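> I would like to see how this sequence folds:
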Amino acid sequence: MNKNADSLNLDLSLEQNASEEEVLFVQQGLRSFNNHFIVDDGFQSVTIFLRKEDGSIAGGLLGEIYWGWLHISILWIDENFRGLGYGEQLLRMAEEEAIQKSCHSVHLDTESFQAQRFYEKHGYTVFGLLDDHPIGHQRIFLVKKLLHEYTD
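The predicted structure follows:
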């Protein structure tokens, strides 16, 4: 620990309702630190929505592109529209965007009660498991190489 930390009169606070600006400040602090070791290749969000005629959301994919990777954090389809190919379309659209942004791979995680077979059907392979997340289930980490995936 820094010997001068006591003299700074810093306080720790657990905050349930941090502002977007505060969260962004911490995220940018980490990116700034990382830039001492790697080239910042332009972190960007990937946000794709499946919308109904009235504009309301029936599903979506949320992710981030950085360091040559696409990370998919959420892929969700309203249960009324599952099994109709929309999940595959969202996944393909995100992968195509990642390829356009020169990404070489994708990684994501899912729970054992969610969509492991769906992702494996689309070329993803398991690279890690976290038991009892939640208790009695597993968090499953998957990866897929993208190079030349959709290019002719």
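> what ranges do the helices span in the chain?
Under the criterion DSSP state H, helices of the chain are mapped to 20-34, 86-100, 116-121.
> Go through those and pick out the most buried.
helix 86-100 (a mean of 18; mean count of other CB atoms under 10 Å). (Each C-beta comes from the backbone N, C-alpha and C, glycine too.)
> just checking, what packs against that one?
Helices and strands touching helix 86-100, as assessed by 3 or more CB pairs under 8 Å, 6 or more residues apart in numbering; DSSP states H and E, comprise strand 44-51, strand 57-66, strand 69-77, strand 105-111.
> Out of the ones you listed, flag the one nearest Met93.
The minimum distance between Met93 and the helices and strands packed on helix 86-100 falls on strand 44-51, with 5.5 Å, by CB to CB.
> Strand partners (parallel or antiparallel) of the closest one?
If you go by DSSP bridges, strand 44-51 pairs up with strand 57-66 (antiparallel).
> The partner strand: which residues count as buried?
Neighbour-count burial for strand 57-66, counted by 16 or more other CB atoms under 10 Å, picks out 59-63, 65-66.
> Quick one: mean pLDDT for it?
In this model, strand 57-66 has an average pLDDT of 97.
> contact partners of that strand?
41-52, 70-78, 80-81, 86-87, 90-91, 93-94, 97-98, 101, 103, 108 (CB atoms under 8 Å, 6 or more residues apart in numbering).
> Same question for stretch 107-124.
With CB under 8 Å, 6+ apart as the criterion, stretch 107-124 contacts 63, 69-73, 75, 87-88, 91, 106, 126-127, 133-134, 137-144, 149.
> again, only this time at 10 Å
When contacts are defined by CB atoms under 10 Å, 6 or more residues apart in numbering, stretch 107-124 is touched by residues 61, 63, 69-77, 82, 87-88, 91-92, 94-95, 106, 125-131, 133-134, 136-146, 149.
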